[in-house]
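Student: Let me see the structure of the following:
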Amino acid sequence: MGGQTSRFRAMSKHGKRFRDAQAKVSSGVDFNPNQAVLMVKDLASAKFDETVELAASLNVDPRKAEEIVRGTVVLPHGTGKTVRVLVITQGEKENEATEAGADYVGTEYVDKIQEGWLDFDVCVATPDVMGKVGPLGRVLGPRGLMPTPKGGTVTFDVGRAVKEIKGGKIEYRVDKTGNVHAPIGRVSFSPDQLEDNLGAIMDSIVRARPPATKGTFVKSITLSSTMGPGVPIDPNLFRRS
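Tutor: Okay, here's the model as predicted:
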């Protein structure tokens, strides 16, 4: 009885439009990527161009360092979002970053961030200025904005980094519950574009499987739009032995 009450309360938090859309998703059915993409697009009902997001549940224990799953991938068709890139660097690398399309460039932004400025989506830094950038970890770290070598955002090749980010490169990391959440585009994208992006990030996640992981790696996959219900995808389609 308590479980039914909790489920009712959870559903009541959503509006009628969401509940009507959720009712169209067959219970207990895992769809193939094409079906899921078409359904997500069909069920999107907001007046804005909703983001389409992937949620993959992985068989890992994020409390163990050797089971952390993280990586980067360049989505073939980008995310549909205009990404504001900050590059903290100095000297000739400033011109390289600017020519590559960076929105903000320079070491003066270290002070601006300390003063509360955070009007950017990705931060890139060259190794020679990490002494100045390091103390920003307490501000940028919790927001997922801290430059890291593994994420490709601590590099002297700032031109390439900026172009990749602007071209659709995203970074993902498993959360404390063992899930990876990542945007794969917009509802306005064509089905083929969304499928391509989905395939690219799932291929990257599967390749990032920790050696210590035993048994099934990808437990479940769900696709949804910002305001829409989750549509389950058959995880077997992305599993590798």
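Student: how distant is the longest helix anywhere in the chain from the center of its chain?
Tutor: Longest among the helix segments of the chain by residue count, using DSSP state H, is helix 191-207. Relative to the chain's own centre, helix 191-207 is displaced by 12 Å; criterion: CA atoms, centre = their mean, to the nearest Å.
Student: For it, which residues meet the burial criterion?
Tutor: Under the neighbour-count criterion of 16 or more other CB atoms under 10 Å, helix 191-207 has 193-202, 204-206 buried. Placement of C-beta: from N, CA and C, glycine included.
Student: just stretch 99-115 next, same as before
Tutor: So stretch 99-115, judged by 16+ other CB under 10 Å, has buried residues 100, 102, 103, 104, 105, 106, 107, 109, 110, 113.
Student: again, but for stretch 59-77
Tutor: Buried positions in stretch 59-77, judged by neighbour count with 16+ other CB under 10 Å: 60, 62, 67, 69, 71, 72, 73, 74, 75, 77.
Student: Could you save those as JSON lines and add columns showing distance to residue 89 and pLDDT?
Tutor: JSON lines is the format used below for the buried residues of stretch 59-77 (distance: CB to CB, whole Å; pLDDT from 0 to 100):
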{"residue": "60", "distance to residue 89": "35", "pLDDT": "95"}
{"residue": "62", "distance to residue 89": "32", "pLDDT": "91"}
{"residue": "67", "distance to residue 89": "34", "pLDDT": "93"}
{"residue": "69", "distance to residue 89": "30", "pLDDT": "94"}
{"residue": "71", "distance to residue 89": "24", "pLDDT": "91"}
{"residue": "72", "distance to residue 89": "20", "pLDDT": "91"}
{"residue": "73", "distance to residue 89": "24", "pLDDT": "93"}
{"residue": "74", "distance to residue 89": "22", "pLDDT": "92"}
{"residue": "75", "distance to residue 89": "25", "pLDDT": "95"}
{"residue": "77", "distance to residue 89": "29", "pLDDT": "95"}
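Student: Quick check: the two most widely separated of these?
Tutor: Spanning the widest gap among the buried residues of stretch 59-77 are 67 and 77, at 30.7 Å by CB to CB.
Student: one step back: ok, of the buried residues of stretch 59-77, which one's closest to residue 90?
Tutor: Distance to residue 90 across the buried residues of stretch 59-77 (CB to CB) is lowest for residue 72, with 24.6 Å.
Student: Return the per-residue confidence for the closest residue to that closest one other than its chain neighbours.
Tutor: Excluding its sequence neighbours, the residue lying closest to residue 72 (CB to CB, 6 or more residues apart in numbering) is residue 171, at 4.8 Å. According to the prediction, residue 171 has pLDDT 89.
Student: Residue 69 is in contact with residue 171, correct?
Tutor: No - assessed by CB atoms under 8 Å, residue 171 is found out of contact with residue 69, at 11.9 Å.
Student: residues in contact with the residue most central in space within the chain?
Tutor: Nearest to the geometric centre of the chain sits residue 182, at 2.6 Å (CA atoms, centre = their mean). For residue 182, the contact set (CB atoms under 8 Å, 6 or more residues apart in numbering) comprises 53, 54, 170, 172, 201.
Student: My read is that the last one contacts residue 55, right?
Tutor: So the one you mean is residue 201. No - the criterion here is CB under 8 Å, and residue 201 misses it with residue 55 at 11.4 Å.
Student: what's the neighbour count on residue 122?
Tutor: Residues lying near residue 122 (other CB atoms under 10 Å) number 23.
Student: now residue 84
Tutor: 15.
Student: if we can go back for a sec, quick one: which two of the buried residues of helix 191-207 are the most distant?
Tutor: Distance extremes for the buried residues of helix 191-207: the farthest pair is 193 and 206 at 20.7 Å, using CB to CB.
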